[in-house]
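# can you look at this prediction? I've put the sequence above it.
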Amino acid sequence: MNNNMDNRSLNKIYVFDTTLRDGAQSASISFSVRDKLQIIDRLDDIGIDYIEVGFPASNPKDDELFKLLKKKKYKYSKIVSFGRTKYKNTTAQKDEYLRSLMDIGADAVCIFGKASPLHVEKVIETTLDNNLEMIFDSIKYLKESYPEVIYDAEHFFDGYKLNPDYAIKTLNCAQDAGADFIVLCDTNGGCLPGEVLKILKKVSEFIKASLGVHFHNDSGCAVANSIISVENISNVKMVQGTINGYGERCGNADLCQIISNLEVKLGKQCLPEGNLKHITNLSRFVSEVANQAPISSQPFVGRNAFSHKAGMHVHAVSKIPGAFEHIEPG
């Protein structure tokens, strides 16, 4: 595993890949341990900052994977374990699942907690105040063992729409407990870019910790929402997503598109210098391992992304390469 910490420059955006956890929740994908190890190697080769590899203690495959990862070293990537906040009727120290996370040996841990009062009261069936305690205590406890704790605020945007004050309180708890990144999640994937930006501007007035974003694609806006967040909010320093946008329902934000747009069009540093040229090979490798047909029209990396059929288009491109192409293919 990786013990190297980068200096956080103004232009650096940290890429958090969850293909092996959130992407694996796609109805048509089932990764073996060998599949996951192969993908981790390729993600590290290209320079992905964080790789969320699974949910330990939830299934035997992930338990086996974490045992194998203890023996491996990576050049760029930090291995991340995934979990939840403590149960409502126990302490963090006595919560068996949180205790198991302490022994995994990952470089960082990412836990999720509830930001929506609807989910607090109707899904986990506890009080709003108790949920705040669950968030604070869990992060504080994990910080005793992990140099980095990333907090995913599940259903944050929907929760903000229901009760803005409470949604912000959950983030304040995470910030006060020492979370290194606080990640705002559009878990149902229903947000549009305009409302995302409006909410993020409000959040940035109260939360000064480094923020991240995690968008699902149910409205077809996951990539746009990710880009607009980074472009407009200075403390959004992390983007989460999956290779090729794999994920539950309509998928997650596609890191191939996000990284390409951020580097080429916004001048952000997502990968080590010169490594963006490998993004197409990474996309196709992951699709092959996942047993998914590549999407020929996928922006930047699809086989037809820079293909032309119409006669006038072909004629124009032969004279001026940029006539019908938004960037120069490389």
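Looks like it came in fine. None of the values given here were measured: they were computed from a predicted structure. Residues are numbered from 1 along each chain as shown.
# from here on, just use CA atoms for contacts and neighbour counts.
OK.
# can you pull the buried residues of stretch 227-246?
Of the residues in stretch 227-246, those buried by neighbour count under the rule 16 or more other Cα atoms under 10 Å are 227, 229-230, 235-246.
# tell me the one of these nearest Ser28?
Tyr246 (9.6 Å; Cα to Cα).
# gap between the closest one and Glu64?
Computed with Cα to Cα, to the nearest Å, the distance linking Tyr246 and Glu64 is 23 Å.
# tell me where the stretch 201-330 of the chain has strands.
For the stretch 201-330 of the chain, applying DSSP state E, counting those that start in this stretch gives strands covering 211-215, 236-241.
# likewise for the stretch 51-200 of the chain?
Taking DSSP E, counting those that start in this stretch as the criterion, the stretch 51-200 of the chain carries its strands at 78-84, 108-114, 149-154, 181-186.
# now the spatially most central residue of the chain: closest residue in space, sequence neighbours ignored.
Taking Cα atoms, centre = their mean as the criterion, Gln240 is the residue nearest the geometric centre of the chain, at 1.8 Å. Spatial nearest neighbour of Gln240, chain neighbours left out: Phe16 (4.6 Å); criterion: Cα to Cα, 6 or more residues apart in numbering.
# I'd say that neighbour and Met238 touch.
Yes. At 6.9 Å, Phe16 counts as touching Met238 under the criterion of Cα atoms under 8 Å.
# tell me where the model's unsure across the stretch 1-150 of the chain.
Segments of the stretch 1-150 of the chain classed as low confidence (criterion: pLDDT under 70) are 1-8.
# switch to 50 and redo it
In the predicted model of the stretch 1-150 of the chain, residues 3-8 satisfy pLDDT under 50.
# what pLDDT does the residue lying closest to Asn261 once chain neighbours are set aside get?
With sequence-adjacent residues excluded and distances taken as Cα to Cα, 6+ apart, Asn261 is closest to Ile227, at 7.7 Å. At Ile227, the pLDDT value in this model is 98.
# ok, Ile227 - contacts?
Going by Cα atoms under 8 Å, 6 or more residues apart in numbering, Ile227 touches Ile258, Asn261, Leu262.
# how close does the second one get to Pro299?
From Asn261 across to Pro299, the span is 10 Å (Cα to Cα).
# check Val80 too.
Distance of Val80 to Pro299, given as Cα to Cα: 28 Å.
# which of the two has more neighbours?
Using other Cα atoms under 10 Å, the more surrounded residue of Val80 and Pro299 is Val80, with 28 against 17.
# hmm, the more buried one is touching Val109, no?
Yes. Taking Cα under 8 Å as the definition, Val80 is a contact partner of Val109 at 5.1 Å.
# coming back round to it: how about TSV for the strands of the stretch 51-200 of the chain, with distance to Asn163 added?
Rendered in TSV, the data for the strands of the stretch 51-200 of the chain read as follows (distance: least, Cα to Cα, whole Å):
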stretch	distance to Asn163
strand 78-84	22
strand 108-114	13
strand 149-154	14
strand 181-186	15
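# where do the helices sit along this protein?
Counting by DSSP state H, one finds helices in the chain at the ranges 33-46, 60-69, 96-102, 117-122, 128-142, 156-162, 164-177, 193-206, 222-232, 255-264, 279-289, 311-319.
# turn these into a markdown table, including distance to Val149.
As requested, the helices of the chain are exported to a markdown table (distance: least, Cα to Cα, whole Å):
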| stretch | distance to Val149 |
| --- | --- |
| helix 33-46 | 20 |
| helix 60-69 | 18 |
| helix 96-102 | 11 |
| helix 117-122 | 22 |
| helix 128-142 | 7 |
| helix 156-162 | 18 |
| helix 164-177 | 10 |
| helix 193-206 | 20 |
| helix 222-232 | 21 |
| helix 255-264 | 22 |
| helix 279-289 | 27 |
| helix 311-319 | 49 |
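# tell me which of these lies nearest to Cys270.
Smallest distance to Cys270 across the helices of the chain (Cα to Cα): 6.3 Å, for helix 255-264.
# any buried residues in that closest one, and which?
Taking 16+ other Cα under 10 Å as the basis for neighbour counts, the residues of helix 255-264 that come out buried are Leu255, Cys256, Gln257, Ile258, Ile259, Ser260, Asn261, Leu262, Glu263.
# stretch 38-58 too?
Within stretch 38-58, the residues that qualify as buried by neighbour count (16+ other Cα under 10 Å) are 39-40, 42-57.
# number of residues surrounding the residue lying closest to Arg99 once chain neighbours are set aside?
Closest residue to Arg99 in three dimensions, ignoring its sequence neighbours and counting by Cα to Cα, 6+ apart: Gln93, at 6.8 Å. Residues contacting Gln93 under the criterion other Cα under 10 Å number 14.
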